[in-house]
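*Asks:* Pasted the sequence and its predicted model underneath.
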Amino acid sequence: TSSWISCPHPWDVLGVGRSKATPRTRPAMRHLRCSAASAARPSLLSRIAPSRRRFSSAAARLDGYEVARVPTIDLGALLRLRPGEAPPPSLVQEVADACADWGFFQVVNHGVDPELCARAVEQQHEFFAIPRDVKESMRRTAGNSRGWYNDELTKQRRDWKEGLDFGATPPMDWSLADDEVANGNLDGFNRFPPLEHAPHFRSTILAYYDELTGLSAQLTRLFALGLGAPADFFEPVLQKTHTSYLRLNYYAPYQGPDPSQLCISPHKDAGFLTVLAQDVGCHSLQVRDRSKADEWVTVVPEEGAFTINTGDMAQIYSNNRYHAPEHRVLTHPDRARYSAPFFYNPAYTAAVQPLPSLGAPMYDACLWGYFRAMRFAGDFADYGTEIQIADFAKGSGSWHVANQERFMREVNFHKSFDVDEMRPLLTREEVSEQYERAR
């Protein structure tokens, strides 16, 4: 029988220290808008919060939008667990309720070193300030999903942002050169700025990546317990074999002619869960309020907190008990914004399907490697209607259910996936005659 401490603490596995909680105060209402001071300097994550559960004020409004009542959950109990001790049932229930009700929540006392968080934010600001030609040399391509870009699409509409993606490699050995053959995988090879332009970027941001991996592993164990599964249920596809990546975003002020332009259009995150670091001085992230028709509410980050949201794969695993929320990012006319989402994703070969204990399955198996490749293809170029987990709902009749089997047979996950070369595997017009006859 699995217990909460059936494997070492992720922080211990990664060899990083646990930070101690220090008091902080609730952010004042003046932080609900971008301030000139906050726009002029990097937003540094502050010290960790004291032990208590809070909700953002529902009465507050920001630029005409209500502030989301997403819960803030204290994870401090996890840092105090003795060997063999399970987390408090109340904490497990809090996380399960947040995943079911909103799919969004914030965590404090999370164990990620606040000094490292501050350095990571500083490095992010410095990266986006380096010369354009240097960033162009790192540009993401059809054959490598990792690198810098300023032309991403969300549901066939161009985003208003710059980004840098980098992530897991098969050996997970940061001492290897980034272009080492052993690092090859579906998502490609990591690209970092030259040392002469950002001497501390790679070391800082990879240490930060490792701590977010540890936090995600802890949250995943809570997710599993909330579904009535053993704490280590997801470890075979979400520990040593995960395919996670960290994205650094920069949203410049927008004063263009299109009043409907968004930094990122409405979407749901594809993976298992997302750990997001937001600016505390400028708030543009919004989540769709499920209790009201077509209404968006603003997610206001707490100082020192990470915002967590449930991804599509967690919704499938939970058989719709957990909710992957639709969210978007607004533009601002005169304030820049930065964010850093960490996407915790399963192994490429994972067949994601509802837990058997959760009743009649509402989904057919969804192969993560296929789903990820289809999502990147849609981010990189217009491949028509974006793939969704609804395509794998029982009785959907979607061509994706059969096409993913063909994809998995033909793709080598140890090689970078080229969107242009693999177009026949990604478009419905190229689906085999056998599948068409079956329909």
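*Replies:* Right, received. Where do you want to start? Numbering: from 1, shown residues only.

*Asks:* Check which helix or strand residue 78 maps to.
*Replies:* In the assignment (DSSP states H and E), residue 78 maps to helix 76-79.

*Asks:* I'd like the next helix or strand past that helix.
*Replies:* Under the assignment DSSP H and E, the closest C-terminal helix or strand after helix 76-79 is helix 89-101.

*Asks:* Please state the offset of that next one from the chain centre?
*Replies:* Here the centre of mass of C-alpha atoms in helix 89-101, compared against the chain's by C-alpha atoms, centre = their mean, to the nearest Å, lies 19 Å away.

*Asks:* and whatever helix or strand residue 133 lives in, average pLDDT?
*Replies:* Counting by DSSP H and E, the element that carries residue 133 is helix 132-136. The average pLDDT within helix 132-136 is 98.

*Asks:* And that helix, how far out from the chain middle?
*Replies:* Taking C-alpha atoms, centre = their mean, one finds the center of helix 132-136 at 25 Å from the center of the full chain.

*Asks:* One more: stretch 87-104?
*Replies:* Relative to the mean C-alpha coordinate of its chain, stretch 87-104 is positioned 18 Å out (C-alpha atoms, centre = their mean).

*Asks:* Give me the helices and strands touching the strand or helix carrying residue 316, please.
*Replies:* Using DSSP H and E, the element containing residue 316 is helix 312-317. Other helices and strands packing on helix 312-317, by 3 or more C-beta pairs under 8 Å, 6 or more residues apart in numbering; DSSP states H and E, are strand 351-352, helix 368-380. (C-beta placed from N, C-alpha, C; glycine too.)

*Asks:* hmm, 10 Å instead?
*Replies:* helix 201-226, helix 235-238, strand 273-278, strand 351-352, strand 366-367, helix 368-380 (3 or more C-beta pairs under 10 Å, 6 or more residues apart in numbering; DSSP states H and E).

*Asks:* just checking, next helix/strand downstream of whatever helix or strand residue 287 lives in?
*Replies:* Mapping residue 287 onto the secondary structure by DSSP H and E places it in strand 285-289. Of the helices and strands lying after strand 285-289 in sequence (DSSP H and E), the nearest is strand 295-298.

*Asks:* Looks like residue 312 contacts residue 320 (just checking).
*Replies:* No. Using C-beta atoms under 10 Å, residue 312 is not in contact with residue 320; the gap is 11.3 Å.

*Asks:* what residues are shared contacts of these two?
*Replies:* The contact sets of residue 312 and residue 320 overlap at residue 389 (C-beta atoms under 10 Å, 6 or more residues apart in numbering).

*Asks:* quick one, which of those two is more surrounded?
*Replies:* residue 312 (23 against 16; other C-beta atoms under 10 Å).

*Asks:* What separation is there between the more buried one and residue 132?
*Replies:* Residue 312 sits 34 Å away from residue 132 when distances are taken as C-beta to C-beta, to the nearest Å.

*Asks:* Please apply the same query to residue 191.
*Replies:* 15 Å.

*Asks:* More neighbours: those two, which one.
*Replies:* Remark: of residue 191 and residue 132, residue 191 carries more neighbours, 20 against 10, as counted by other C-beta under 10 Å.

*Asks:* Would you double-check that the more buried one falls in a helix?
*Replies:* No. According to DSSP: H, G, I helix; E, B strand; the rest coil, residue 191 belongs to no helix; its state is coil.

*Asks:* pLDDT at it, what is it?
*Replies:* Model confidence at residue 191, given as pLDDT, is 97.

*Asks:* correct me, but it touches residue 127?
*Replies:* No. Applying C-beta under 10 Å, one finds residue 191 not in contact with residue 127, separated by 11.6 Å.

*Asks:* what is in contact with the two at once?
*Replies:* Taking C-beta under 10 Å, 6+ apart as the criterion, residue 191 and residue 127 both touch 135, 138, 148, 164.

*Asks:* if I read this right, the second one contacts residue 191, doesn't it?
*Replies:* When you say that, I think you mean residue 138. Yes. In this structure residue 138 lies within contact range of residue 191 using C-beta under 10 Å: 4.4 Å.

*Asks:* Report the secondary structure state of residue 163.
*Replies:* Reduced to three states with three-state DSSP, the structure at residue 163 is strand.
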